[in-house]
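Visitor: Quick one: sequence and predicted model below, then my questions.
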Amino acid sequence: MDVVRRQIQVRGIVQGVGFRPFVYRLARQFHLHGHVRNTGDGVLIEVEGGPQPAGEFLAGVAGEHPPLAQIAETVVTELEPTEETGFAVQPTREEQPQFTLGPPDPGMCNDCRREFTDPRDRRFGYPFRCFHRLPPSPSPLANCTASTDLSGRSSITSSARPISLVSTVM
């Protein structure tokens, strides 16, 4: 059986929108091996398997991605197969952002709007919406502590390393 390995660099709004879990599910659907991780350029995927499933996977990445994702560029490189088994979501690679775009704050989706306005729903009138259809994702505020001093002033401190946000007008 022919086996191919492809490295797929995806740039655009692909971080913070459920892209890596989507890639994981798609790779498992096509019985591909490899990994996916965030990089300073977006998302890096390596898949290995049959040529037809690998091609269908690539078409799925381009056409079935999460609704908040916006792909600006996809670069595919053929690699030598490594006989890697399984598919993994790897930790984010520590490097300087080159092209990474952050997603805008989305409006309320139809599911959330229905829950918010339906008196029979347990989330009726609850203003602190979350995107329950997206998998959990670490927040830049996860390591923050809020405090109020005696004068009533509030402050937020973080034990996490500083993050930098790159803003691009499209």
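Guide: Looks like it arrived, so ask away. Numbers count the residues shown, from 1 in each chain.

Visitor: Let me see the confidence value for Gly16.
Guide: Gly16 is assigned a predicted lDDT (pLDDT) of 81.

Visitor: And what about it, helix, strand or coil?
Guide: coil (DSSP: H, G, I helix; E, B strand; the rest coil).

Visitor: likewise the one 10 residues further on?
Guide: Following three-state DSSP, Leu26 is assigned to helix.

Visitor: Contact partners for it?
Guide: Residues near Leu26 by CB atoms under 8 Å, 6 or more residues apart in numbering: 57, 60-61, 64. For the C-beta atoms, the positions are set from N, CA and C on the backbone; glycine is no exception.

Visitor: With Leu58 instead?
Guide: Counted by CB under 8 Å, 6+ apart, Leu58 has contacts 6, 8, 74, 76.

Visitor: Pick the one among the contacts of Leu26 closest to Thr82.
Guide: Nearest to Thr82, judged by CB to CB, of the contacts of Leu26 is Phe57 at 16.8 Å.

Visitor: Need the phi and psi values for the closest one.
Guide: Backbone geometry at Phe57, expressed as degrees, to the nearest 10, gives phi -60, psi -50.

Visitor: What's the separation between the residue lying closest to it once chain neighbours are set aside and Arg122?
Guide: Nearest non-adjacent residue to Phe57, counting by CB to CB, 6 or more residues apart in numbering: Phe30, 4.8 Å away. Using CB to CB, to the nearest Å, Phe30 is found at 37 Å from Arg122.

Visitor: Neighbours of the spatially closest residue to Ala27 that is not a sequence neighbour, how many?
Guide: Spatially, and ignoring its direct neighbours in sequence, Ala27 is nearest to Phe87 (4.4 Å; CB to CB, 6+ apart). Phe87 is flanked by 23 other residues according to other CB atoms under 10 Å.

Visitor: show me what contacts Phe87?
Guide: With CB under 8 Å, 6+ apart, Phe87 has these contacts: 24, 27-28, 32-36, 47.
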